[in-house]
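Peer 1: Sequence and predicted structure below; questions after.
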Amino acid sequence: MRSSTPNYFSLCLLATLGFLLVVSPSLHAQSEESAPAQTDAAGYWVANEHELKIQMFELGIAGHFKLGSWTEVRLHVQSEEFMDPQSKVSIIALDSDGVPTEILAPYPKHVGDNSFYRIPVKIGRRDSNLKIKFTTQQEGVEKTSIREVPVSQLAKPVAASNRLFLQIGPDIGLAEALNRYASDLSDSTTFASLNNLSQLPNQWFQLEGVDHIVWSANDPAQISAMQPEQLAAIEKWLKLGGKMTLSVGDQSAELIGSDKPLAPFCPGTFREVQQLRSTTELEALINTVAHVDRPVEKPLPIAVVQDPSGIILVQEGSRQASTPLWIRSANGFGMVEFFAFDLSAKPIADWPGRDPLLKLLLDGISDRLDESKVSMQSGSSVAHFGYTDIAGQLRLALDQFPGVRSVSFFLIGAIIIVYLALIGPGDYFFLRKVGLRMEWTWVTFPAVILLASVGIWSLATWWKGTSLKMNHVEVVDIDLQSQLVRSTTWFHLFSPQSRRYEVDLQPVSVPSSNWNQLVSWQGLAGSGLGGMSARQSISTLPTPYDIDFQQTNETTQASLQELPIQIWSSKTLMGRGWGSLNETEYEPLSERESQLVEGLLINPTDMELTDCYLFHGRWAYFVAKLPANGSARIVPGQSAQNTEKVLKRRRVQESTDGGELWDRQSTDVQRIMEITMFHSAAGGRSYSSLTNRFQSYVDLSSHIAGDRAVLVGKVKNPPSKVQVDGQPVDDAQAQSWSYVRIIYPVQKRSPSEIAQR
């Protein structure tokens with residue numbers, strides 16, 4: 001008789017075998033998953049018909065990129081198949097609406113059987129994936145490989161409403177100063193330190209997401225390691241609206257001297273390196289008793305700059321023989337904060353006054369909020385409106401199309417109730433009233449449904465229209481000194497049907513012969529509904545549309561191909577253009593006492609400017625008309641108004657003492673643009689309770705505070721035409737608002753007056 005007592009040894013053996021059978025495959029799978037990570041890039045293969053090996057896959061700059069701005073993908077692939085010029089590599093990324101976009105990679109650089117790609121990309125979703133698509137075709141057989149990578153594995157996304165500062169060279173302590181002084185920027189600014197120079201792009205627009213470059217430049221070897229294309233990209237980025245803090249030191253002769261790499265960033269002509277022993281003015285600037293502690297035999301080396309432009313914030317020496325130490329200067333449409341000494345090296349690095357000095361720098365670039373003024377504004381929270389940046393308010397305004405009516409939920413509910421009443425009791429009482437048998441409901445019931453459907457469709461068509469509609473805003477900026485032109489265009493398309501479009505921008509009256517143009521989607525900054533930082537994905541369209549780049553040695557053009565727009569919905573788009581100004585002669589304006597100016601205003605365009613204002617310092621001058629290719633003169637004694645008053649109260653009676661309160665729900669495009677173009681001069685966040693960080697390059701307030709004057713005027717017709725499917729949008733179905741701004745140099749009365757300001 002067999003015993004019923006369990007055999008514990010057998011049970012343990014079986015349990016051990018079961019554990020090994022269950023756990024071993026998972027361990028094996030984990031080892032297979034971890035092994036490729038050592039030899040291949042991040043992500044996973046959706047398909048790999050080419051058996052590719054990705055040696056490198058990088059996104060952004062210094063491990064960061066900004067949502068809604070152009071950046072760069074760097075891809076290093078090992079494969080002989082992609083030596084063929086017919087092979088294609090493209091990047092697929094989601095736009096701000098969650099719709100996939102596809103960008104074809106430019107021709108790569110080949111080294112042996114390795115291909116190195118640099119691909120422009122614009123990402124609209126924080127929680128999204130990038131797809132890299134590899135395609136070859138040989139003897140009629142197409143092979144496709146697709147690798148998918150979460151963007152968070154490649155780089156850290158920076159919100160469009162935040163700022164990205166790029167540190168090049170040694171740290172100057174700006175991040176620490178930011179946190180120490182609890183600036184408004186501290187919780188909305190990301191510092192990224194560039195440790196690998198190969199991550200610098202060679203196209204300026206791929207730096208679009210960088211708000212400020214902090215460059216401690218005192219190492220000629222580091223600058224020599226940069227490619228000429230990278231330096232040219234930084235220079236172009238700066239001139240087209242970037243902002244930079246540049247600190248130099250005892251190696252200045254090799255960096256900012258004549259024909260040296262950083263000479264274009266210097267606000268003047270470098271003369272020599274001087275050993276400065278007295279820094280009393282620098283110490284007095286921050287009102288500190290802490291001296292720059294340095295041995296007598298080691299004075300502070302500084303770069304001596306002759307004929308500086310801009311505002312000298314601190315200088316040492318007498319007015320007759322002064323040496324500027326900190327200069328704030330316009331460079332094209334951008335701004336440079338130039339320090340003639342090295343902020344990252346001793347003795348300044350050990351000076352207790354460095355942090356207060358950096359605080360002054362931060363105060364100049366911060367948009368901190370004055371709560372006492374905000375309390376006057378209507379509404380309790382900007383989040384209530386779905387946006388925190390003034391670009392969001394412009395987006396809301398441009399989404400209002402004439403002839404397109406919004407349908408309220410109350411009306412929809414009423415239609416549903418009436419419809420149910422008709423097909424239910426209405427049908428019954430109708431048959432009873434006319435004396436028909438109830439079997440006739442098989443006729444009346446579908447008839448009511450058909451008539452209701454036709455009526456609802458007709459009503460919807462009447463509400464929404466049957467024509468393609470467009471709202472279009474364009475600002476063309478001209479800088480006479482650098483002879484540069486740029487344009488910023490926002491346009492919304494409303495489609496009466498679900499279809500795909502080809503969209504492009506063509507210059508009409510832009511005063512440049514070598515015009516470059518990028519057309520792409522425009523995102524909403526923030527985490528509200530439809531915002532780029534929101535987690536939800538709206539679109540279900542699987543087929544991407546193309547952002548088609550056409551690049552030559554002279555120009556760069558990008559248009560949209562197969563852009564999908566759903567029936568009775570709109571798409572938010574934008575364009576950025578740039579080029580050299582057609583040859584134009586001009587004379588600087590002259591500044592008299594109290595920042596008043598006089599001189600000849602020229603118009604280098606074929607467009608007549610009307611309702612113009614010239615802004616310089618705290619004064620604004622009204623100019624009724626500036627003829628096409630003509631001129632007007634600002635004369636001594638011409639009536640000048642206060643700049644802030646003009647910007648805040650342009651349509652308020654002069655007898656009103658207080659300023660006009662900013663309406664964050666307003667859809668007045670003209671008024672929104674007035675503040676967008678000079679946001680800081682109007683009071684910034686203290687006035688509008690909105691930031692201007694997403695597209696801060698549009699704001700030229702910093703220029704009118706220095707040795708520049710900015711004239712802004714309206715033009716009747718847009719300088720560029722939006723083309724849809726190769727044809728311009730019907731003028732009867734389009735609204736447009738167009739502006740031209742011209743930046744004039746201003747000649748100061750004397751160097752001593754510059755020092756006093």
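Peer 2: Cool, got the structure.
Peer 1: what's the first-to-last distance across stretch 271-286?
Peer 2: 27 Å (CA to CA, to the nearest Å).
Peer 1: where does the stretch 251-400 of the chain have low pLDDT?
Peer 2: 289, 293-297, 318-320, 366-385 (pLDDT under 70).
Peer 1: Ala421: which element?
Peer 2: Using DSSP states H and E, Ala421 falls within helix 409-421.
Peer 1: In PDB, please show the C-alpha coordinates belonging to the helix or strand just after that helix.
Peer 2: Heading C-terminal from helix 409-421, the first helix or strand you meet, by DSSP H and E, is helix 427-434. Extracted as PDB, the C-alpha positions of helix 427-434 are listed here (Å, rounded to 0.1, in the frame of the first residue of the first chain):
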ATOM      1  CA  ASP A 427     -45.300  62.200 -35.300                       C
ATOM      2  CA  TYR A 428     -48.100  60.500 -33.300                       C
ATOM      3  CA  PHE A 429     -50.300  63.700 -32.900                       C
ATOM      4  CA  PHE A 430     -49.700  64.600 -36.600                       C
ATOM      5  CA  LEU A 431     -51.200  61.200 -37.700                       C
ATOM      6  CA  ARG A 432     -54.100  61.600 -35.300                       C
ATOM      7  CA  LYS A 433     -54.700  65.100 -36.500                       C
ATOM      8  CA  VAL A 434     -54.900  64.300 -40.200                       C
END
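Peer 1: Helix 427-434: which residues count as buried?
Peer 2: Within helix 427-434, the residues that count as buried by 16 or more other CB atoms under 10 Å are 427, 431. For glycine as for every other residue, the C-beta is placed from the backbone atoms N, C-alpha and C.
Peer 1: what pLDDT, on average, does it get?
Peer 2: Averaged over helix 427-434, pLDDT sits at 80.
Peer 1: now the helix or strand following it and helix 427-434, what's the angle there?
Peer 2: Downstream of helix 427-434, the next assigned helix or strand under DSSP H and E is helix 441-464. Here helix 441-464 points in a direction 120 degrees away from that of helix 427-434 (axes from the mean of the first three to the mean of the last three CA atoms, to 10 degrees).
Peer 1: So which elements touch helix 441-464?
Peer 2: Other elements packing on helix 441-464 under the criterion 3 or more CB pairs under 8 Å, 6 or more residues apart in numbering; DSSP states H and E are helix 427-434.
Peer 1: Please tell me the pLDDT value assigned to Thr555.
Peer 2: pLDDT, Thr555: 91.
Peer 1: Count the residues that sit near it.
Peer 2: Using other CB atoms under 10 Å, Thr555 has 13 neighbouring residues.
Peer 1: how near is it to Leu231?
Peer 2: 20 Å (CB to CB, to the nearest Å).
Peer 1: Over to Ser590?
Peer 2: Taking CB to CB, one finds Ser590 at 35 Å from Leu231.
Peer 1: from the middle of its chain, how far away would stretch 473-483 be?
Peer 2: From the chain centre to the centre of stretch 473-483 is a distance of 18 Å (CA atoms, centre = their mean, to the nearest Å).
Peer 1: is it fair to say Tyr687 lies in a helix?
Peer 2: Yes - assessed by DSSP: H, G, I helix; E, B strand; the rest coil, Tyr687 belongs to a helix.
Peer 1: For the residue nearest to it when sequence neighbours are not counted, pull up the helix or strand it's in.
Peer 2: Residue nearest to Tyr687 in three dimensions, not counting chain neighbours: Trp662, with 5.8 Å by CB to CB, 6 or more residues apart in numbering. Following DSSP H and E, one finds Trp662 outside all helices and strands.
Peer 1: State the phi and psi torsions of Trp662.
Peer 2: phi -80, psi 130 (degrees, to the nearest 10).
Peer 1: wait, it sits on Ser689?
Peer 2: Yes - at 6.8 Å, Trp662 counts as touching Ser689 under the criterion of CB atoms under 8 Å.
Peer 1: Looking at those two, which is more packed in?
Peer 2: Neighbours of Trp662 and Ser689, each counted by other CB under 10 Å, are more numerous for Ser689; the result is 24 against 21.
Peer 1: Quick check: phi and psi on the closest residue to Pro544 other than its chain neighbours?
Peer 2: Spatially, and ignoring its direct neighbours in sequence, Pro544 is nearest to Pro100 (3.7 Å; CB to CB, 6+ apart). Main-chain torsions, Pro100, degrees, to the nearest 10: phi -70, psi 140.
Peer 1: now the end-to-end length of stretch 722-733.
Peer 2: In stretch 722-733, first residue to last residue: 12 Å (CA to CA).
Peer 1: Stretch 528-536: how far from the chain's middle?
Peer 2: 17 Å.
Peer 1: Ok, stretch 189-196 next?
Peer 2: 18 Å.
Peer 1: export that stretch as PDB, just CAs?
Peer 2: Presented in PDB, the C-alpha positions along stretch 189-196 are these (Å, rounded to 0.1, in the frame of the first residue of the first chain):
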ATOM      1  CA  THR A 189      14.300  79.100 -16.500                       C
ATOM      2  CA  THR A 190      16.400  76.000 -17.500                       C
ATOM      3  CA  PHE A 191      20.200  76.300 -17.600                       C
ATOM      4  CA  ALA A 192      21.900  73.900 -20.000                       C
ATOM      5  CA  SER A 193      25.700  73.700 -20.000                       C
ATOM      6  CA  LEU A 194      27.300  72.900 -23.400                       C
ATOM      7  CA  ASN A 195      30.100  70.400 -22.900                       C
ATOM      8  CA  ASN A 196      30.200  69.000 -26.400                       C
END
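Peer 1: can you pull the buried residues of it?
Peer 2: 189-194.
Peer 1: and what of stretch 204-222?
Peer 2: Of the residues in stretch 204-222, those buried (16+ other CB under 10 Å) are 204-218, 220.
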